[in-house]
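S.K.: I need the structure of the sequence given here:
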Amino acid sequence: MRPRVLVLRALGLGDLLAGVPALRAVRRAFPAYETVLAAPAGLAPVAAATGAVDRLLPASAPGRAVPVRLDWTGPPPEVAVDLHGKGPSSHLLLERVRPRRLLAFAHPGTPHIAGPAWTADEHERARWCRLLRWYGVPADPDDVLLPPPPEPSPAPGAVVVHPGADSAARRWPPERYAEVVRALRGRGKRVVLTGGPGEDALLDRVAGPARLDPHDVLRGGLPYERLAALCAGAAAVVSGDTGIAHLAVAYGAPSVTLFGPVPPHLWGPPPGHRHIALWHPGPPGDPHGAAPDPQLLHITPDEVLTALATHLEACRS
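M.R.: Residues are numbered from 1 along each chain as shown. The predicted structure follows:
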């Protein structure tokens, strides 16, 4: 049996994509090892697409909590890497599988781990790369691109609009999305709506007022392979700060992302003309709040349309 490295990142789609640079750095540092990623089972296709994971170990917990246990079998991993949080819960979870070496941030609750200090005001991609560099593992936070999906886009050249998000705090009002969709269609653009599982009613609140063709409303939460192909072939992707925004970055699709409770310098796209982050500076909000964040509500449909018009022209040139 090959030696194994266990990486913990039992979070969502956007979290996994933000962790791709660190995952690839681990792969390069331990090329002869089997890389096992502890993450939700539904993310197995995403993990495979990164080229940095050999096997997914299903692990999840409600919200952003640390899983209670890992169903690890066989000999202990040679190396465990905590890409989940700052500890100590995630540290202790990994220590229960008895790794010979644990790479993690320092925490007073686990004083025997001599890692780097956690910094709150740091971009998510940069944070995990800094952790690895502290342990002597080179890591590039801009190493985000995934290879093209194997299947063709179901709507090549469309503007993909995704009004949903895991929490209401990051959901721009559906009537504003409808205004953007109406305007885009008036300019001759094909628009396709996507949503996650359980968001069909939200899609209806956008599609109805926008008089969108039912064939352009992709309901029920697309499987990863189809969503990836859709983003890779899109003229642009418009969404809040959620997983599909990271997917657009991963596949090099032009994107306009609407930020509210969390500023883009913490979770936004890498610099470059292909991605625009809209944000009105203000006090930090609760990303898991039950109502749209006030900073998010400062963004107007005209701002989104202006960003798209400028953006699409720049990406054509």
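S.K.: domain ranges for the chain, per the record?
M.R.: The chain breaks down by automatic domain parsing into domains covering 4-134, 159-316.
S.K.: so for the shortest one, first residue to last residue, what's the gap.
M.R.: Start-to-end span of domain 4-134 (Cα to Cα, to the nearest Å) is 21 Å.
S.K.: can you give me the helices for the protein?
M.R.: 13-18, 20-29, 44-50, 89-95, 124-134, 174-186, 200-210, 224-232, 243-250, 264-267, 294-297, 301-316 (DSSP state H).
S.K.: now, of the ones you listed, which is deepest in the fold?
M.R.: Per-stretch averages of neighbours, counted by mean count of other Cβ atoms under 10 Å, single out helix 243-250 among the helices of the chain, with a mean of 27. Heads up, the C-betas are built off the backbone N, CA and C, glycines and all.
S.K.: what's in contact with it?
M.R.: Identification of contacts with helix 243-250 by Cβ atoms under 8 Å, 6 or more residues apart in numbering yields 12-14, 17-18, 20, 144-146, 160, 162, 194, 227-228, 231, 234, 237, 239, 254-255, 257, 269-270, 275.
S.K.: how does it look with 6 Å?
M.R.: The contact list for helix 243-250 (Cβ atoms under 6 Å, 6 or more residues apart in numbering) reads 13-14, 17, 144, 146, 162, 231, 237, 239, 255, 257, 269.
S.K.: dump those to JSON lines, plus distance to residue 281 and pLDDT.
M.R.: Output for these, formatted as JSON lines (distance: Cβ to Cβ, whole Å; pLDDT from 0 to 100):
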{"residue": "13", "distance to residue 281": "27", "pLDDT": "96"}
{"residue": "14", "distance to residue 281": "22", "pLDDT": "95"}
{"residue": "17", "distance to residue 281": "25", "pLDDT": "97"}
{"residue": "144", "distance to residue 281": "25", "pLDDT": "95"}
{"residue": "146", "distance to residue 281": "31", "pLDDT": "97"}
{"residue": "162", "distance to residue 281": "24", "pLDDT": "98"}
{"residue": "231", "distance to residue 281": "28", "pLDDT": "97"}
{"residue": "237", "distance to residue 281": "24", "pLDDT": "97"}
{"residue": "239", "distance to residue 281": "20", "pLDDT": "98"}
{"residue": "255", "distance to residue 281": "20", "pLDDT": "96"}
{"residue": "257", "distance to residue 281": "16", "pLDDT": "97"}
{"residue": "269", "distance to residue 281": "17", "pLDDT": "94"}
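S.K.: could you measure from the nearest residue to residue 219 once chain neighbours are set aside over to residue 168?
M.R.: In space, not counting the residues next to it along the chain, residue 219 is nearest to residue 200; the distance is 4.8 Å by Cβ to Cβ, 6 or more residues apart in numbering. Distance of residue 200 to residue 168, given as Cβ to Cβ, to the nearest Å: 17 Å.
S.K.: cool, and residue 255?
M.R.: In terms of Cβ to Cβ, residue 255 sits 22 Å off from residue 168.
S.K.: more neighbours, the two?
M.R.: Neighbours were tallied for residue 255 and for residue 168 using other Cβ atoms under 10 Å; the higher tally belongs to residue 255 (27 against 13).
S.K.: residues touching the more buried one, list them.
M.R.: By Cβ under 6 Å, 6+ apart, the contact set of residue 255 is 237, 248, 275.
S.K.: could those go into a markdown table alongside distance to residue 212?
M.R.: Below are the contacts of residue 255 laid out as a markdown table (distance: Cβ to Cβ, whole Å):
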| residue | distance to residue 212 |
| --- | --- |
| 237 | 16 |
| 248 | 20 |
| 275 | 25 |
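S.K.: that older thread, now tabulate the helices of the chain in CSV and tack on distance to residue 4.
M.R.: CSV is the format used below for the helices of the chain (distance: least, Cβ to Cβ, whole Å):
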stretch, distance to residue 4
helix 13-18, 19
helix 20-29, 12
helix 44-50, 15
helix 89-95, 13
helix 124-134, 17
helix 174-186, 45
helix 200-210, 41
helix 224-232, 25
helix 243-250, 26
helix 264-267, 30
helix 294-297, 42
helix 301-316, 42
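S.K.: perfect, that will be all.
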